[in-house]
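>>> sequence plus predicted model, see below.
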Amino acid sequence: MEQPINEVEYLSEFQNSLSEFHSQNLPSTSGTSYPSSRPTLRPSRNHTASSTSHHNYALKIINNVEEHEGLPTKSGIKQPFDMDGLKNCDLSGVLESDNCSLVPSKRADVNHAAKSYCQSEVTTFCPSPSQNSFYSTTVYSEAKESFTNTEVSEWASSVDKSCDESGEVTNYCDFNESRKTSIYRASTGSDATDESSTNSLSSAMYKPHKANDVRWEAIQAVRARDGMLEMRHFRLLKKLGCGDIGSVYLAELSGTRTSFAMKVMNKTELASRKKLLRAQTEREILQCLDHPFLPTLYTHFETESFSCLVMEFCPGGDLHALRQRQPGKYFSEHAVRFYVAEVLLALEYLHMLGIIYRDLKPENVLVREDGHIMLSDFDLSLRCTVSPTLVKSSNSTLVTKSSGGYCMEPTCITQSDCITPSCFTPRFLSKKKEKKFKLRNDTHHQVTPLPELIAEPTNARSMSFVGTHEYLAPEIIKGEGHGSAVDWWTFGIFLYELLFGRTPFKGSVNRATLFNVVGQPLRFPESPTVSFAARDLIRGLLVKEPQHRLAYRRGATEIKQHPFFQNVNWALIRCANPPEVPRPAAIRAAQTEKDPPGVKPSGNYLDIDFF
Ligand SMILES: Nc1ncnc2c1ncn2[C@@H]1O[C@H](COP(=O)(O)OP(=O)(O)OP(=O)(O)O)[C@@H](O)[C@H]1O
């Protein structure tokens with residue numbers, strides 16, 4: 001057996017060799033430098049001060065618009081901020097806690113609805129038993145006010161403290177027992193804790209859709225041999241990037257030829273920056289995901305100094321970089337349809353689990369080895385309860401039959417001009433069987449009413465000021481409290497950016513951008529030419545009042561039914577040919593080449609220090 005290593009030395013040695021490498025001033029690996037990623041706004045560490053400053057900042061934008069060059073005057077726009085509302089809105093304590101309201105819900109209904117929906121496979125993938133237990137172990141409580149604490153006891157105690165200090169928070173926080181602690185307990189104690197060794201985390205081990213994954217098999221084999229995974233099992237090959245709460249490394253599971261992305265977070269730093277909870281939220285969210293367009297957490301382990309998340313490695317870079325490489329720096333409508341359709345399925349799945357993503361932007365959409373996407377970065381996500389409702393049921397026999405079938409949406413039988421026909425039939429079917437399959441499906445569709453499940457956490461509310469300037473929804477900027485509709489706003493901005501190569505409300509500076517989001521109407525550039533359906537979808541999504549926004553009530557279901565997606569086969573999109581597949585040489589380069597010199601970590605941490 002290999003000798004255990006000192007991971008602090010190991011990592012610092014690795015960092016040193018990287019700096020040495022940088023100082024040699026070697027040419028960039030890619031030869032192309034792209035504009036750095038747009039930083040994400042995060043709640044400040046000081047809740048009370050920062051919450052006030054957010055709103056002061058927002059109010060200042062409106063009250064002092066005259067100061068701002070090139071912006072319309074105050075009289076030129078409707079007063080978009082509710083001053084009285086803000087006065088009455090004490091945000092202390094709720095800012096960083098990301099509290100949300102809990103929908104009173106009957107456990108049985110939830111389980112039944114979720115189960116029926118899973119059987120139908122409308123979303124392609126269903127929550128595993130761990131997710132079902134997510135619903136069933138939730139402590140439901142009726143929220144007196146808009147906010148109910150959903151965080152761990154560690155957090156509750158710090159909020160309690162601020163409640164004592166401010167004396168006002170209790171009006172807004174209706175604490176219930178920590179449901180997080182009842183589902184996943186944070187591993188804080190021991191030096192080396194692989195999740196497999198922790199009972200409370202064992203549900204996270206159940207990933208039914210990973211059965212044939214070589215990486216999963218390699219991990220399981222090491223577990224079977226050594227008991228649990230530790231740092232010594234991995235060889236860190238290169239630094240992939242650096243985020244707000246940690247650095248991501250390309251890592252090889254020693255003795256296997258499998259690569260992973262390992263997010264390494266320094267626990268002392270997390271604690272001193274009060275980011276432990278964010279890190280824990282991200283880990284807990286990753287643990288319950290099992291979806292083709294979302295990251296797989298292969299394992300998590302803790303060492304004395306670090307908390308490490310081992311995820312799937314995406315060698316294709318992100319959509320932000322990929323867009324820069326397109327002619328005109330925008331994607332074709334065909335490619336856009338593919339990417340946004342996959343993102344939509346990922347968001348739908350997240351909402352079904354009560355997770356509001358809140359940080360959609362091309363930088364967070366990574367490209368897998370096969371060209372399909374993976375939504376990454378969950379440290380800003382908001383968790384809340386969701387009450388799935390089966391609004392349209394179908395004959396149970398047919399639903400069962402369909403669960404083994406391929407296609408549930410009425411639109412999916414039409415041949416597509418936007419996504420190659422190969423995606424409409426499973427790859428493993430022969431031509432003859434394909435024909436039969438299509439016939440059977442056609443008939444099926446004519447007679448089978450589709451079940452429709454609404455799993456939109458419509459009642460969730462958070463007051464956090466989080467996101468990326470160009471992607472912030474108006475309700476976040478205005479501090480009105482926001483819910484799942486923010487994901488549909490960002491989805492609209494994302495769609496716009498991929499189609500036009502820029503976001504719709506970008507101003508010369510961040511202040512101007514925020515002002516434009518709130519006060520400026522949506523406009524489309526004359527070129528490139530984009531279909532009416534695409535523009536209509538964007539118009540529906542970029543409605544400033546969340547309650548009038550497309551998908552506000554019925555979530556992704558509404559968007560999937562829009563003509564822009566008319567011919568998309570939702571159930572089989574994961575078998576579709578992606579617009580671009582990373583070339584083997586590019587993959588090899590991503591895996592073997594060292595970092596280019598002077599690479600600045602993307603996604604730099606940006607506190608709201610400019611307020
Ligand atoms: N699974 C992955 N495969 C390949 N690269 C990855 C993977 N996950 C992250 N990265 C790279 O590592 C960088 C850091 O990722 P991380 O999720 O920690 O933060 P971020 O998204 O950049 O920023 P933040 O979390 O601060 O918003 C990313 O920019 C991305 O380039």
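It's in. Note that the structure is a prediction, hence the values are computed from the model and not measured. Numbers count the residues shown, from 1 in each chain.
>>> quick check: phi and psi on V365?
V365 adopts backbone torsions of phi -110, psi 110, taken as degrees, to the nearest 10.
>>> gap between the closest residue to it other than its chain neighbours and the ligand?
Of all residues not flanking V365 in the chain, L319 sits nearest, at 4.3 Å (C-beta to C-beta, 6 or more residues apart in numbering). In short, each C-beta sits where N, CA and C put it, glycine included. From L319 across to the ligand, the span is 11 Å (C-beta to the nearest ligand atom, to the nearest Å).
>>> correct me if wrong: L319 contacts V367.
Yes. Judged on C-beta atoms under 8 Å, L319 makes contact with V367 at a distance of 6.9 Å.
>>> find residues that contact each of the two.
Taking C-beta atoms under 8 Å, 6 or more residues apart in numbering as the criterion, L319 and V367 both touch I373.
>>> the closest residue to the ligand within the stretch 1-150 of the chain: neighbouring residues, count only.
Nearest residue of the stretch 1-150 of the chain to the ligand: T40, at 4.4 Å (C-beta to the nearest ligand atom). The local packing of T40 (other C-beta atoms under 10 Å) involves 24 other residues.
>>> for the nearest residue to it once chain neighbours are set aside, give me the pLDDT.
Distances taken as C-beta to C-beta, 6+ apart place T468 nearest to T40, at 5.1 Å, with adjacent residues excluded. At T468, the model reports a pLDDT of 87.
>>> state the distance from T468 to P315.
24 Å (C-beta to C-beta, to the nearest Å).
>>> what about those two, which has more around it?
Per other C-beta under 10 Å, whichever of T468 and P315 has more neighbours is T468, with 24 against 20.
>>> which SS state does V530 fall under?
Per DSSP: H, G, I helix; E, B strand; the rest coil, the local secondary structure of V530 is coil.
>>> report the contact partners of it.
Counting by C-beta under 8 Å, 6+ apart, V530 touches E333, L499, F500, F524.
>>> of those, list those near the ligand.
With C-beta under 6 Å from any ligand atom as the criterion, the contacts of V530 include none near the ligand.
>>> which of these has the most neighbours?
Per-residue neighbour counts (other C-beta under 10 Å) across the contacts of V530 peak at L499, which has 24 neighbours.
>>> and after the strand or helix carrying that residue, which helix or strand comes next?
In the assignment (DSSP states H and E), L499 maps to helix 485-500. Counting by DSSP H and E, the next helix or strand C-terminal to helix 485-500 is helix 510-519.
>>> counting contacts, what elements does that following helix pack onto?
helix 47-63, helix 474-477 (3 or more C-beta pairs under 8 Å, 6 or more residues apart in numbering; DSSP states H and E).
>>> for these, which has the smallest mean pLDDT value?
Of all the helices and strands packed on helix 510-519, the minimum mean pLDDT falls on helix 47-63 (a mean of 43).
>>> does M374 have beta-bridge partners, and which?
M374 has these beta-bridge partners by DSSP bridges: L366.
>>> what parts of the stretch 301-450 of the chain come near the ligand?
M311, E312, F313, C314, N364, L366, S376, D377, D379.
>>> what's the burial count for the residue nearest to V365?
The local packing of L319 (other C-beta under 10 Å) involves 23 other residues.
>>> with S307 instead?
Counted with other C-beta under 10 Å, S307 comes out at 24.
>>> likewise for A346?
25.
>>> wait, it sits on D290?
No. Contact criterion C-beta under 8 Å: A346 and D290 do not qualify, at 11.9 Å.
>>> so how many other residues sit close to G241?
Neighbours of G241 under the rule other C-beta under 10 Å: 19.
>>> that one falls within a strand, correct?
Yes. Counting by three-state DSSP, G241 falls inside a strand.
>>> doesn't V248 make contact with it?
Yes. Applying C-beta under 8 Å as the test, G241 and V248 come out as touching, 5.1 Å apart.
>>> pretty sure the residue of the stretch 1-150 of the chain closest to the ligand is touching H469, no?
No. Contact criterion C-beta under 8 Å: T40 and H469 do not qualify, at 9.2 Å.
>>> rewinding a little: the residue nearest to T40 touches R358, doesn't it?
No. T468 is beyond contact range of R358, at 9.7 Å (criterion: C-beta under 8 Å).
>>> pLDDT of stretch 504-511, averaged?
Confidence for stretch 504-511, expressed as mean pLDDT, is 95.
>>> repeat for stretch 375-391
The pLDDT scores in stretch 375-391 average 82.
>>> restrict that stretch to CA atoms and write it as CSV.
Extracted in CSV, the C-alpha atoms of stretch 375-391 (Å, rounded to 0.1, in the frame of the first residue of the first chain):
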residue,chain,number,x,y,z
LEU,A,375,-24.3,22.8,-15.8
SER,A,376,-21.7,23.5,-13.1
ASP,A,377,-21.3,25.7,-10.0
PHE,A,378,-23.9,25.3,-7.3
ASP,A,379,-22.6,27.4,-4.5
LEU,A,380,-25.2,30.1,-5.2
SER,A,381,-28.1,27.8,-5.5
LEU,A,382,-31.1,28.2,-3.3
ARG,A,383,-32.8,25.1,-1.8
CYS,A,384,-36.4,25.1,-1.0
THR,A,385,-39.3,22.7,-0.9
VAL,A,386,-41.3,22.0,-3.9
SER,A,387,-44.7,20.6,-4.1
PRO,A,388,-45.0,18.7,-7.4
THR,A,389,-48.5,18.4,-8.7
LEU,A,390,-49.7,16.0,-11.3
VAL,A,391,-51.9,18.3,-13.4
